[in-house]
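got a predicted model here, sequence first, then my questions.
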Amino acid sequence: MNGFELNKLIAAILVAVLVAMLAGFVAHKDVAPEELEKNAYVVEGVGAAPTAAMDTAPKGPPAIEPFLAKASVEAGEKTARVCGTCHTFGKGEAAKIGPNLYGIIGAKHAHMAGFDYSDAMKAMAGNWSFDELNEFLFSPRAHVPGTKMTFAGIKNDQDRANVIAYLRTLADSPVPLPK
(Lines give C-alpha, C1' and ligand atoms only; values in the text may rest on other atoms or scores of the structure.)
Protein backbone atom coordinates (compact mmCIF):
# COMPACT_ATOMS: atom_id res chain seq x y z
CA MET A 1 0.00 0.00 0.00
CA ASN A 2 1.53 3.30 -1.01
CA GLY A 3 1.18 6.62 0.78
CA PHE A 4 -1.64 7.87 -1.44
CA GLU A 5 -3.83 4.82 -0.77
CA LEU A 6 -3.14 5.12 2.97
CA ASN A 7 -4.24 8.77 2.87
CA LYS A 8 -7.47 7.79 1.07
CA LEU A 9 -8.16 5.10 3.69
CA ILE A 10 -7.62 7.49 6.60
CA ALA A 11 -9.76 10.16 4.88
CA ALA A 12 -12.56 7.62 4.35
CA ILE A 13 -12.48 6.65 8.04
CA LEU A 14 -12.52 10.30 9.14
CA VAL A 15 -15.44 11.10 6.80
CA ALA A 16 -17.36 8.06 8.13
CA VAL A 17 -16.79 9.18 11.75
CA LEU A 18 -17.85 12.75 10.95
CA VAL A 19 -20.99 11.54 9.12
CA ALA A 20 -21.89 9.29 12.08
CA MET A 21 -21.37 12.13 14.57
CA LEU A 22 -23.40 14.54 12.44
CA ALA A 23 -26.20 11.99 12.01
CA GLY A 24 -26.28 11.41 15.79
CA PHE A 25 -26.41 15.14 16.46
CA VAL A 26 -29.23 15.71 13.94
CA ALA A 27 -31.17 12.68 15.22
CA HIS A 28 -30.84 13.85 18.82
CA LYS A 29 -32.13 17.34 17.94
CA ASP A 30 -34.86 16.10 15.59
CA VAL A 31 -36.25 13.23 17.68
CA ALA A 32 -36.75 14.25 21.30
CA PRO A 33 -38.89 12.32 23.77
CA GLU A 34 -42.26 13.85 24.49
CA GLU A 35 -42.66 14.50 28.22
CA LEU A 36 -46.06 13.58 29.62
CA GLU A 37 -47.96 16.05 31.76
CA LYS A 38 -48.76 13.30 34.27
CA ASN A 39 -47.77 9.66 34.60
CA ALA A 40 -49.70 7.21 32.45
CA TYR A 41 -49.78 4.76 35.36
CA VAL A 42 -50.20 6.24 38.82
CA VAL A 43 -48.59 4.43 41.76
CA GLU A 44 -50.07 5.34 45.12
CA GLY A 45 -47.68 7.11 47.45
CA VAL A 46 -45.00 7.79 44.83
CA GLY A 47 -44.34 11.47 44.46
CA ALA A 48 -46.89 12.28 47.14
CA ALA A 49 -46.10 14.45 50.13
CA PRO A 50 -45.13 12.43 53.22
CA THR A 51 -48.06 11.59 55.44
CA ALA A 52 -48.13 11.19 59.20
CA ALA A 53 -48.11 7.40 58.74
CA MET A 54 -44.94 7.63 56.65
CA ASP A 55 -43.27 9.83 59.27
CA THR A 56 -43.89 7.29 62.06
CA ALA A 57 -42.46 4.37 60.07
CA PRO A 58 -39.33 2.94 61.69
CA LYS A 59 -36.10 4.26 60.22
CA GLY A 60 -33.99 1.17 60.96
CA PRO A 61 -34.49 -2.57 60.99
CA PRO A 62 -37.00 -4.35 63.23
CA ALA A 63 -35.84 -6.26 66.30
CA ILE A 64 -33.71 -9.24 65.30
CA GLU A 65 -34.84 -11.73 67.98
CA PRO A 66 -37.89 -13.12 66.12
CA PHE A 67 -35.78 -13.64 63.01
CA LEU A 68 -32.92 -15.24 64.96
CA ALA A 69 -35.39 -17.79 66.36
CA LYS A 70 -35.84 -19.23 62.87
CA ALA A 71 -32.41 -18.37 61.47
CA SER A 72 -30.44 -20.86 59.39
CA VAL A 73 -26.68 -21.03 59.90
CA GLU A 74 -26.26 -22.70 56.49
CA ALA A 75 -28.22 -19.95 54.74
CA GLY A 76 -26.22 -17.36 56.68
CA GLU A 77 -22.96 -18.92 55.53
CA LYS A 78 -24.13 -18.68 51.91
CA THR A 79 -25.26 -15.08 52.33
CA ALA A 80 -22.00 -14.19 54.10
CA ARG A 81 -19.97 -15.24 51.07
CA VAL A 82 -20.34 -11.70 49.80
CA CYS A 83 -18.66 -10.56 53.04
CA GLY A 84 -15.73 -12.83 52.18
CA THR A 85 -14.72 -10.32 49.52
CA CYS A 86 -13.40 -8.03 52.25
CA HIS A 87 -13.37 -10.13 55.44
CA THR A 88 -11.91 -13.43 56.64
CA PHE A 89 -13.79 -15.76 58.98
CA GLY A 90 -11.30 -18.34 60.27
CA LYS A 91 -9.67 -18.16 63.69
CA GLY A 92 -6.36 -16.30 63.48
CA GLU A 93 -6.65 -15.46 59.77
CA ALA A 94 -5.17 -12.18 58.61
CA ALA A 95 -7.40 -9.25 57.71
CA LYS A 96 -8.22 -8.37 54.13
CA ILE A 97 -9.71 -4.96 53.32
CA GLY A 98 -11.89 -5.48 56.41
CA PRO A 99 -11.02 -7.15 59.72
CA ASN A 100 -11.33 -10.86 60.53
CA LEU A 101 -14.83 -11.63 61.85
CA TYR A 102 -14.03 -14.69 63.99
CA GLY A 103 -15.53 -14.13 67.45
CA ILE A 104 -17.14 -10.82 66.47
CA ILE A 105 -20.30 -11.27 68.57
CA GLY A 106 -19.48 -10.14 72.09
CA ALA A 107 -16.15 -8.63 71.00
CA LYS A 108 -15.45 -4.94 71.46
CA HIS A 109 -15.80 -2.59 68.52
CA ALA A 110 -12.55 -2.27 66.57
CA HIS A 111 -11.60 -5.63 68.09
CA MET A 112 -8.79 -6.77 65.78
CA ALA A 113 -5.36 -5.64 66.93
CA GLY A 114 -3.30 -4.00 64.23
CA PHE A 115 -6.22 -3.33 61.87
CA ASP A 116 -6.62 0.29 60.71
CA TYR A 117 -10.22 1.02 61.72
CA SER A 118 -11.93 4.32 60.95
CA ASP A 119 -11.93 6.90 63.73
CA ALA A 120 -15.71 6.50 63.95
CA MET A 121 -15.38 2.77 64.64
CA LYS A 122 -12.57 3.31 67.15
CA ALA A 123 -14.74 5.84 69.01
CA MET A 124 -17.59 3.36 69.52
CA ALA A 125 -17.92 2.10 73.08
CA GLY A 126 -19.15 -1.32 74.09
CA ASN A 127 -19.26 -4.67 72.36
CA TRP A 128 -20.93 -6.11 69.27
CA SER A 129 -24.32 -7.45 70.39
CA PHE A 130 -26.97 -9.13 68.27
CA ASP A 131 -28.99 -5.91 68.15
CA GLU A 132 -26.00 -3.77 67.25
CA LEU A 133 -24.91 -6.15 64.48
CA ASN A 134 -28.49 -6.05 63.20
CA GLU A 135 -28.36 -2.25 62.99
CA PHE A 136 -24.86 -2.24 61.49
CA LEU A 137 -25.58 -4.90 58.86
CA PHE A 138 -28.80 -3.11 57.90
CA SER A 139 -26.89 0.08 57.02
CA PRO A 140 -23.24 0.33 58.06
CA ARG A 141 -22.88 4.00 57.10
CA ALA A 142 -26.06 5.03 58.94
CA HIS A 143 -25.11 3.12 62.10
CA VAL A 144 -21.46 4.26 62.16
CA PRO A 145 -21.22 7.53 60.23
CA GLY A 146 -17.66 7.82 59.00
CA THR A 147 -17.01 4.08 58.73
CA LYS A 148 -14.66 2.93 56.01
CA MET A 149 -17.04 0.09 55.14
CA THR A 150 -18.70 0.84 51.80
CA PHE A 151 -21.14 -2.09 51.86
CA ALA A 152 -24.74 -0.90 51.38
CA GLY A 153 -26.17 -3.34 53.92
CA ILE A 154 -28.45 -6.37 54.04
CA LYS A 155 -32.03 -5.13 53.81
CA ASN A 156 -33.79 -8.51 54.08
CA ASP A 157 -34.48 -9.15 57.77
CA GLN A 158 -34.19 -12.95 57.61
CA ASP A 159 -30.99 -12.82 55.54
CA ARG A 160 -29.50 -10.49 58.14
CA ALA A 161 -30.55 -12.85 60.95
CA ASN A 162 -29.07 -15.81 59.07
CA VAL A 163 -25.73 -13.99 58.72
CA ILE A 164 -25.74 -13.09 62.43
CA ALA A 165 -26.53 -16.72 63.33
CA TYR A 166 -23.58 -17.82 61.16
CA LEU A 167 -21.25 -15.23 62.71
CA ARG A 168 -22.34 -16.47 66.16
CA THR A 169 -20.95 -19.93 65.34
CA LEU A 170 -17.54 -18.43 64.55
CA ALA A 171 -16.26 -18.42 68.13
CA ASP A 172 -14.54 -20.70 70.60
CA SER A 173 -17.61 -20.38 72.84
CA PRO A 174 -20.58 -18.86 70.98
CA VAL A 175 -22.61 -16.18 72.76
CA PRO A 176 -26.04 -17.55 73.78
CA LEU A 177 -28.96 -16.45 71.61
CA PRO A 178 -31.24 -13.81 73.14
CA LYS A 179 -34.53 -15.06 74.53
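On my side now, so go ahead. Numbers count the residues shown, from 1 in each chain.

residue 157 contacts residue 67, correct?
Yes: contact criterion C-beta atoms under 8 Å: residue 157 and residue 67 qualify, at 5.2 Å. Heads up, the C-betas are built off the backbone N, CA and C, glycines and all.

and these two? which has more neighbours close in?
Neighbour count, other C-beta atoms under 10 Å: between residue 157 and residue 67, residue 67 has more, with 20 against 16.

spit out the contact partners of the more buried one.
Residues near residue 67 by C-beta atoms under 8 Å, 6 or more residues apart in numbering: 157-158, 160-161.

neighbour-wise, which of these leads?
Greatest neighbour count in the contacts of residue 67, by other C-beta under 10 Å, goes to residue 161: 28 neighbours.

could you report the distance from residue 39 to residue 32?
19 Å (C-beta to C-beta, to the nearest Å).

do the same with residue 20
Using C-beta to C-beta, residue 20 is found at 20 Å from residue 32.

got it, and residue 94?
Distance from residue 94 to residue 32, counting by C-beta to C-beta: 56 Å.

the two - which one has more neighbours?
Neighbour totals were compared for residue 94 and residue 32, and residue 94 leads with 11 against 8 (other C-beta under 10 Å).

looking at this, that one is in a strand?
No: Residue 94: not assigned to a strand; according to DSSP: H, G, I helix; E, B strand; the rest coil it is coil.

scan this protein for its longest helix.
helix 3-30 (DSSP state H).

could you tell me whether residue 136 really is in a helix?
Yes: Residue 136 sits within a helix when classified using three-state DSSP.

count the neighbours of the residue lying closest to it once chain neighbours are set aside for me.
The shortest distance from residue 136 to any non-neighbouring residue, by C-beta to C-beta, 6 or more residues apart in numbering, is to residue 143 (4.6 Å). Residue 143 has 20 neighbours, counted by other C-beta under 10 Å.

got it, and residue 44?
Using other C-beta under 10 Å, residue 44 is surrounded by 6 other residues.

next one: residue 115
13.

can you check the one 3 residues further on too?
By other C-beta under 10 Å, 15 other residues sit near residue 118.

over to residue 167?
Residue 167, neighbours per other C-beta under 10 Å, totals 27.

that one: what's it in contact with?
Residues in contact with residue 167 (C-beta under 8 Å, 6+ apart) are 76, 80, 101, 104-105, 133.
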